[in-house]
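> Build the 3D model from these lines:
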Amino acid sequence: MTDQTTPPWDQGQGQLAHDQQAYGQQAYDQQAHDQQAYGQPAHGQHATGQQTYGQAPYGQPPYGQPVHGQPAYGQPPYDQALHPQPGYAMQPPAPTKPALLPAALPMSGRPFAMAFQPLERRVGRWFLAWAIALGFFFVGQLISIALMLPGIGTFLETIDLSNPPTDQTQLGLDFIEAVVGTPLGMAAVNMAWAVMIPGAIVAMAAFGKHAAGFAMSVAGAWRWSVVARSAIVIVPIFAIYIGLSLWMDPAIQWQWNPNWGLVIAVLLTTPLQSAGEEFTFRGLLPQLMGGWRVHRYVPALVMLPPVALVILLQPATWPLSLLALAAAAVGPWVLTGRFGNAVWTGVATGLLFGAMHAHPSFAATLQLALVGFTCSMLTYRTGGLEAASVLHASNNVFIMVPLALTGVSAFSSSQPVAGEDWLSTAITAAALGLAYLAVHLTMRRVQRFTRGSAAADMLEPQPQVQQPPQPMAAAPTH
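Have a look, this model is predicted:
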């Protein structure tokens, strides 16, 4: 029976469509069954072991994620942050803001005196560092004066105003004896320089994050291992050297009259005083002078005020003071490179160091300048102030303790700390050279130069690559 709703002429076409649909579905199902039977993926499916689009292969992490056991992109290897390996240099990312770029330091492969290069990109921070350092210096002077007040009061009580003394030289010696010849006076003089340890660190901290550590060494921290290794070789040499120098000096009256207050003051405060002078003369000054690359006249301007002051206070040593100024003015132009920078900064600060002791003897001032220059070269060789501080402290302690055991303060004694003859100068030079050689041979693997960051290295001027001129296109012809 025919469907009443379907016209007769359409019934044949409907049957044909029904047969085609059934045949196509059967063929599709048969193809899918055959493909699955032979290990082939069905339509819209993926073969076994094959990843879909946008997914990682089997056993691999999703895209953008680190492989199991491997650090994320831009991060140090596993456990490197907690236990850094000596051969791996941490590479912080470069700052995105240009204003933060001058605070990134240090650049790669710089010695201690050049750790803050280039200062041309840090002029504002350079002035701020000077302001902080000068502030700490004046605070140290105020602390020293405060500790000297009892001695000043004692001295004033000894003066008879009805019969004032006429010998100005003797009056000055009595003042020194009463004020700085006591244990409190010894501590006062030493603490004036000890203040410059935090002074130099805080001043250099003005250059940015982690900058304070580079005021101590190229490793960015104070290295006690270098202190211990330096003491092992330097202390015996200076014990023999100072002992021989004192034994050869006929002016010293050896007597057992110990001033234990002076001995304690020397042992407690003299190492701090020595380190404070090293932070100033081998740290602060060379770093604020040696970091200029283009404006090489700045070191001479820095040295001019202290040299003028020393010449005014002690005219007898004016040749050495002028040599210090000449080294700061000529050195940056003549002695270039890492070693050249260490030489001219060492000569300039060493001569200034000797002249600022205001010693009337030229030979004695030269010996003090040699001590300063050797400390500068030790700083360059070891990459920090540790070995120089050990040498300076050994020199001062081995001089002051024997004098304190005779009841005399090194600051009040008329006997100079350094010998005034040229034989003493030769012995001093030999001892200093031997100490440097001992440190050089025993610390071959100590870090000498900075391990820079990627951000700081962006401050290095890059050479401009000139592109070859492009040939002009020929005019079309018609």
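
> Could you pull out the helices in the stretch 301-450 of the chain for me?
Per DSSP state H, counting those that start in this stretch, the stretch 301-450 of the chain carries helices over the ranges 318-334, 337-356, 362-382, 386-405, 422-442.

> Including mean neighbour count, could those go into JSON lines?
(Each C-beta comes from the backbone N, C-alpha and C, glycine too.) Below are the helices of the stretch 301-450 of the chain laid out as JSON lines (neighbours: other C-beta atoms under 10 Å):
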{"stretch": "helix 318-334", "mean neighbour count": "19"}
{"stretch": "helix 337-356", "mean neighbour count": "24"}
{"stretch": "helix 362-382", "mean neighbour count": "24"}
{"stretch": "helix 386-405", "mean neighbour count": "24"}
{"stretch": "helix 422-442", "mean neighbour count": "17"}
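
> So for Val227, which of the ones you listed sits nearest?
For Val227, the closest of the helices of the stretch 301-450 of the chain is helix 386-405, at 4.7 Å, according to C-beta to C-beta.

> what packs against that closest one?
The helices and strands touching helix 386-405, judged by 3 or more C-beta pairs under 8 Å, 6 or more residues apart in numbering; DSSP states H and E, are helix 224-248, helix 260-278, helix 362-382.

> Using PDB, write out every CA atom in the last one.
Included here for helix 362-382 are C-alpha records, laid out as PDB according to Å, rounded to 0.1, in the frame of the first residue of the first chain:
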ATOM      1  CA  PHE A 362     111.700  62.600  54.200                       C
ATOM      2  CA  ALA A 363     113.100  59.000  54.600                       C
ATOM      3  CA  ALA A 364     110.400  58.100  57.200                       C
ATOM      4  CA  THR A 365     107.600  59.600  55.000                       C
ATOM      5  CA  LEU A 366     108.900  57.500  52.100                       C
ATOM      6  CA  GLN A 367     108.800  54.400  54.200                       C
ATOM      7  CA  LEU A 368     105.100  55.100  55.100                       C
ATOM      8  CA  ALA A 369     104.400  55.700  51.400                       C
ATOM      9  CA  LEU A 370     106.000  52.300  50.600                       C
ATOM     10  CA  VAL A 371     103.700  50.700  53.100                       C
ATOM     11  CA  GLY A 372     100.700  52.300  51.500                       C
ATOM     12  CA  PHE A 373     101.800  51.300  47.900                       C
ATOM     13  CA  THR A 374     102.400  47.700  49.000                       C
ATOM     14  CA  CYS A 375      98.900  47.600  50.500                       C
ATOM     15  CA  SER A 376      97.500  48.900  47.200                       C
ATOM     16  CA  MET A 377      99.200  46.200  45.300                       C
ATOM     17  CA  LEU A 378      98.100  43.500  47.800                       C
ATOM     18  CA  THR A 379      94.500  44.800  47.200                       C
ATOM     19  CA  TYR A 380      94.900  44.400  43.500                       C
ATOM     20  CA  ARG A 381      96.500  40.900  43.800                       C
ATOM     21  CA  THR A 382      93.900  39.500  46.200                       C
END
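
> what's the angle from that helix to helix 422-442?
For helix 362-382 against helix 422-442, the angle by axes from the mean of the first three to the mean of the last three C-alpha atoms, to 10 degrees is 0 degrees.

> distance between helix 362-382 and the chain's centre?
20 Å (C-alpha atoms, centre = their mean, to the nearest Å).

> Going forward, the N-terminal residue is numbered 48.
Got it, first residue is 48 now, which makes that one helix 409-429.

> what angle sits between that helix and helix 271-295?
Counting by the same axes, to 10 degrees, helix 409-429 lies at 160 degrees to helix 271-295.

> rewinding a little: if we compare the helices of the stretch 348-497 of the chain, which one ends up closest to Thr497?
helix 384-403 (10.8 Å).

> Mean pLDDT and distance to Val236 for the helices of the stretch 348-497 of the chain - can I get that in a markdown table?
Putting these into a markdown table (pLDDT from 0 to 100; distance: least, C-beta to C-beta, whole Å) gives the following:
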| stretch | mean pLDDT | distance to Val236 |
| --- | --- | --- |
| helix 365-381 | 91 | 22 |
| helix 384-403 | 92 | 13 |
| helix 409-429 | 93 | 16 |
| helix 433-452 | 95 | 11 |
| helix 469-489 | 94 | 22 |
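
> just so I know, which of those helices lies nearest Ala312?
Nearest of these (C-beta to C-beta): helix 433-452, 8.1 Å.

> I'd like the distance from the closest one to the chain centre, please.
For helix 433-452, the distance to the chain centre is 24 Å (C-alpha atoms, centre = their mean).

> just stretch 481-499 next, same as before
With C-alpha atoms, centre = their mean as the basis, stretch 481-499 stands 15 Å off its chain's centre.

> measure that stretch end to end?
Using C-alpha to C-alpha, to the nearest Å, the end-to-end distance of stretch 481-499 comes to 33 Å.

> which residues touch that stretch?
136-137, 153-158, 162, 261, 264-266, 273, 276-277, 279-281, 284-285, 385, 421, 424-425, 427-430, 434, 438 (C-beta atoms under 8 Å, 6 or more residues apart in numbering).

> that older thread, dump the helices of the stretch 348-497 of the chain into TSV; add distance to Phe184 as well.
Formatted as TSV, the helices of the stretch 348-497 of the chain follow (distance: least, C-beta to C-beta, whole Å):
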stretch	distance to Phe184
helix 365-381	19
helix 384-403	13
helix 409-429	18
helix 433-452	18
helix 469-489	27
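
> Nearest to Met195, out of those?
Among the helices of the stretch 348-497 of the chain, the nearest to Met195 by C-beta to C-beta is helix 433-452 (17.9 Å).

> so that closest one versus helix 307-325, what angle?
Relative orientation of helix 433-452 and helix 307-325, computed by the same axes, to 10 degrees: 160 degrees.

> orientation of helix 433-452 relative to helix 384-403 in degrees?
20 degrees.

> Would you mind writing the CA trace of helix 433-452 as CSV?
Taking Å, rounded to 0.1, in the frame of the first residue of the first chain, the C-alpha atoms of helix 433-452 are listed here in CSV:
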residue,chain,number,x,y,z
GLU,A,433,91.7,41.8,53.7
ALA,A,434,95.4,41.1,53.1
ALA,A,435,96.2,44.9,53.2
SER,A,436,94.4,45.2,56.5
VAL,A,437,96.4,42.3,57.9
LEU,A,438,99.7,43.9,56.8
HIS,A,439,98.8,47.3,58.2
ALA,A,440,97.6,46.0,61.5
SER,A,441,100.7,43.8,61.9
ASN,A,442,103.0,46.8,61.3
ASN,A,443,101.2,49.0,63.8
VAL,A,444,100.6,46.4,66.6
PHE,A,445,104.2,45.2,66.5
ILE,A,446,105.4,48.8,66.9
MET,A,447,103.0,49.9,69.5
VAL,A,448,102.9,46.9,71.9
PRO,A,449,106.7,46.9,72.6
LEU,A,450,106.6,50.6,73.3
ALA,A,451,103.6,50.2,75.5
LEU,A,452,105.5,47.5,77.5
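
> what's Pro449 in contact with, if anything?
By C-beta under 8 Å, 6+ apart, the contact set of Pro449 is 289, 293.

> Same question for Val349.
332, 335-336, 375.

> Please, a PyMOL command that selects the buried ones among those residues?
In PyMOL syntax, the buried subset of the contacts of Val349 is picked out as below (16 or more other C-beta atoms under 10 Å):
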select buried, resi 332+335+336+375
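
> Which of the contacts of Val349 fall within helices?
332, 335-336, 375 (DSSP state H).

> Can you verify my assumption that Glu167 contacts Val341?
Yes. Using C-beta atoms under 8 Å, Glu167 is in contact with Val341, at 5.4 Å.

> Report how far apart the opening and closing residues of stretch 294-313 are.
20 Å.
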